[in-house]
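Colleague: just the structure for this:
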Amino acid sequence: MRRQLIQNQFSCRPDNLQHVVFQELDRLTPEQNALVSGCVALVTALGAFTLNAVPLTLGSTRFAFASVGGFFHFTAYLCTLCAFTSASSTVITPLMQLSALWMLPFSTSAASLGLAPIIRPIHLFAVLLICAGGFLPAADGCLSSVATGKFWQQRAVRYVVTGELLICCYNVLLHQATFHDPGLESSTKSLEPFQFFLISRVANGLTCATLFLVIPSLRSHLWALRKVKRRFFAVALLGEVLSMVGVCLVTFSYSGFYEPSVVNAVEGGLQQLFNLIFAIISHRLLGLGRGVEQVPVKCVSLLLVSIGLALSTT
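Modeller: All right, here's what the predicted structure looks like:
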């Protein structure tokens with residue numbers, strides 16, 4: 001749902017970002033939406049710290065993991081938002097299975113060093129099924145096209161690939177900082193999931209503030225934000241609050257399961273399912289967003305994803 005809200009905002013947005021900033025000021029650009037996200041993250045974390053909701057131990061390695069994770073999370077989100085300007089959400093969301101594939105080498109390396117359990121074959125098969133189903137819509141129903149240079153040269157694909165590599169780094173840090181396996185040796189104490197969430201949100205917000213203050217092209221989006229129509233700003237703000245709740249909840253999933261690539265694949269699969277349903281309802285009943293294309297391909301995609309989701313629970 002969150003990704004469809006974003007796509008609805010950008011569906012009429014031209015590719016030239018400078019024209020959006022200086023001429024069409026009634027809708028948020030991806031950069032402006034990222035700025036709203038960073039502000040919501042910072043306010044959420046600072047509000048929790050002010051209320052003394054979570055005690056923190058500064059100086060630990062896991063604290064550093066959370067801080068670096070916040071940087072990765074914001075930059076990944078900015079890249080993903082930029083992808084929505086050239087492709088629909090029902091294409092982009094399936095591509096977000098990439099981080100599960102990126103994560104497999106990391107988790108396998110950690111397992112070979114004795115730092116994590118080895119992924120079970122049934123869960124590896126589940127990840128591959130979910131990823132295959134996720135790639136189908138973006139590959140126009142032909143997975144062989146993924147191996148061509150034309151596929152990877154698409155603007156949206158480049159943005160998503162970069163974003164998913166960054167979000168993979170975030171998820172690996174999240175899992176390493178919060179998951180504790182009694183059967184493995186650990187020299188440092190794990191962070192509580194909510195601690196990681198809040199620390200990473202502070203880093204997320206500070207990364208946002210730094211980038212928008214230092215980079216001139218981003219500053220232009222900041223100054224133009226005051227001219228955006230209130231209803232679009234309200235939709236973006238609502239979407240970011242909902243997104244913040246989702247990020248918080250999924251933090252507990254990564255801390256409670258032994259294999260982060262499985263959690264990542266399940267997260268992406270569920271996003272794909274709900275996004276497709278919401279996109280159909282939004283377009284046909286509300287007249288918002290783009291129409292859903294390649295329905296047979298996306299049905300096959302959802303079937304593969306559903307089977308993978310079922311296997312991931314065994």
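
Colleague: phi, psi for Ile119 please.
Modeller: Dihedral angles of Ile119 (phi, psi; degrees, to the nearest 10) stand at phi -60, psi 140.

Colleague: am I right that it is in contact with Ser261?
Modeller: Yes. Ile119 is in contact with Ser261 according to C-beta atoms under 8 Å; the separation is 7.0 Å. To be clear about C-beta, it is placed using only N, CA and C from the backbone, and glycine gets the same treatment.

Colleague: and these two? Which one has more around it.
Modeller: Higher neighbour count among Ile119 and Ser261: Ser261, with 28 against 20, using other C-beta atoms under 10 Å.

Colleague: who are the contact partners of that one?
Modeller: Contacts for Ser261 were tallied using C-beta atoms under 8 Å, 6 or more residues apart in numbering; they are Ala100, Leu101, Met103, Leu104, Ser107, Ile119, Val127.

Colleague: so which helix or strand takes in the closest residue to Val228 other than its chain neighbours?
Modeller: Distances taken as C-beta to C-beta, 6 or more residues apart in numbering put Leu28 closest to Val228, at 5.6 Å, once the chain neighbours are dropped. Assigned by DSSP states H and E, Leu28 belongs to no helix or strand.

Colleague: near Leu28, how many other residues are there?
Modeller: Other residues lying near Leu28 total 27 when counted by other C-beta under 10 Å.

Colleague: what is the mean pLDDT for the helix or strand hosting Phe65?
Modeller: Element membership for Phe65 (DSSP H and E) is helix 61-83. Helix 61-83 carries an average pLDDT of 89.

Colleague: one step back: among the contacts of Ser261, which one sits closest to Gly70?
Modeller: Comparing the contacts of Ser261 against Gly70 with C-beta to C-beta places Met103 closest, at 18.3 Å.

Colleague: look at Thr85 and tell me its secondary structure.
Modeller: Under DSSP: H, G, I helix; E, B strand; the rest coil, Thr85 falls in the coil class.

Colleague: what touches both of Ile119 and Ser261?
Modeller: Shared contacts of Ile119 and Ser261 (C-beta under 8 Å, 6+ apart): Leu104, Ser107, Val127.

Colleague: how many neighbours does the second one have?
Modeller: When you say that, I think you mean Ser107. The number of residues near Ser107, taken as other C-beta under 10 Å, comes to 24.

Colleague: and it, what is it in contact with?
Modeller: Contact analysis of Ser107 by C-beta under 8 Å, 6+ apart lists Ala116, Ile119, Val172, Glu259, Pro260, Ser261.

Colleague: where exactly do the strands run in the stretch 1-150 of the chain?
Modeller: For the stretch 1-150 of the chain, applying DSSP state E, counting those that start in this stretch gives no strands.
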